[in-house]
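A.B. asks: this one's structure only:
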């Protein structure tokens, strides 16, 4: 089992969703078999809690705090949230939630990149991040969909020190974000058929045992399919949305990830 206890700064380390908590527990429990665990008394945590795979934390949930559509948030582990916030502004991004303590768990901040995609930072203390990854029912990849590939390359290189490695050309390019030679995420141009009102965004991938079965379960639970199951080099993937409209991807990996 790919258990994780530490994340190198610059590595996506955590994900969470602000939504209808009761509905999310039903949907994701039905899809991935997750159980839940409150982070503490609601009056102290604001209703935040953890999705659990067995006894391992795999993601977080809480009530939706902002108007508009619900979405999964990607957090990148950083050494210093204040320094990261300064780099975000220098690179043309926006600090949405300034660095703040989350009890003794760590410090968090929420940003928008130069195109408006939301990305968050996590400076770990007691809470390091997801305790298992790349296993069915856990996070396996984080991918930026952008309308400004070159601008995004400059932004994320400045903020997190990522090296963009691009293959293909035109609308069919794909970029892997590398950190010290290791892949930590991806980026692709927003497909032309995506409506203009859909903002640039980060997409979270979850590993599954069977993509087609997972998609069928999504539909059974009231979710929808945005991209039907498709075979790509890393495996068989589908982009779906939960019953509240939050998009994510499921993928049966062609080979186990480390």
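C.D. replies: Nice, thanks for sending it over. Predicted, not measured: the structure shown is a model, and the values here were computed from it.
A.B. asks: next secondary structure after the helix or strand containing residue 58?
C.D. replies: Here residue 58 sits within strand 56-63, counting by DSSP states H and E. Heading C-terminal from strand 56-63, the first helix or strand you meet, by DSSP H and E, is strand 72-77.
A.B. asks: ok, residue 123 to residue 150 distance?
C.D. replies: Distance, residue 123 to residue 150, by Cβ to Cβ, to the nearest Å: 29 Å. The C-beta positions use only the backbone N, C-alpha and C, and glycine is treated the same way.
A.B. asks: now residue 242
C.D. replies: Counting by Cβ to Cβ - residue 242 and residue 150 are separated by 32 Å.
A.B. asks: give me the more crowded residue out of those two.
C.D. replies: residue 242 (23 against 9; other Cβ atoms under 10 Å).
A.B. asks: residue 28 is in contact with that one, correct?
C.D. replies: Yes: assessed by Cβ atoms under 8 Å, residue 242 is found in contact with residue 28 at 7.4 Å.
A.B. asks: in the chain, which spans are helices?
C.D. replies: Assigned by DSSP state H, the helices in the chain fall at 21-32, 42-45, 81-90, 149-160, 211-220.
A.B. asks: so which elements touch the shortest one?
C.D. replies: Same thing as helix 42-45. Taking 3 or more Cβ pairs under 8 Å, 6 or more residues apart in numbering; DSSP states H and E as contact, there are no helices or strands that helix 42-45 lies on.
A.B. asks: begin at 92 from here
C.D. replies: Done: numbering now begins at 92, and the last item shifts to helix 133-136.
A.B. asks: and that helix, how far out from the chain middle?
C.D. replies: Centre-to-centre, helix 133-136 and its host chain are 24 Å apart (Cα atoms, centre = their mean, to the nearest Å).
A.B. asks: which other residues reach it?
C.D. replies: The contact list for helix 133-136 (Cβ atoms under 8 Å, 6 or more residues apart in numbering) reads 129, 130, 153, 194.
A.B. asks: what about 10 Å?
C.D. replies: Outside of helix 133-136, the residues within contact range by Cβ atoms under 10 Å, 6 or more residues apart in numbering are 129, 130, 139, 140, 153, 154, 193, 194, 196.
A.B. asks: buried subset of those residues as a PyMOL selection?
C.D. replies: In PyMOL, this line selects whichever of those come out buried by 16 or more other Cβ atoms under 10 Å:
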select buried, resi 130+139+140+153+193+196
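A.B. asks: could I get the contacts of helix 133-136 as CSV with pLDDT and distance to residue 255?
C.D. replies: Below are the contacts of helix 133-136 laid out as CSV (pLDDT from 0 to 100; distance: Cβ to Cβ, whole Å):
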residue, pLDDT, distance to residue 255
129, 91, 39
130, 86, 35
139, 95, 33
140, 95, 35
153, 96, 32
154, 95, 35
193, 93, 30
194, 89, 35
196, 94, 31
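A.B. asks: where in the stretch 242-349 of the chain is pLDDT low?
C.D. replies: 262, 347-349 (pLDDT under 70).
A.B. asks: ok, now with 50
C.D. replies: Nowhere does the stretch 242-349 of the chain drop to pLDDT under 50.
A.B. asks: what ranges do the strands span in it?
C.D. replies: 254-258, 265-270, 273-280, 292-298, 315-323, 326-332, 338-344 (DSSP state E, counting those that start in this stretch).
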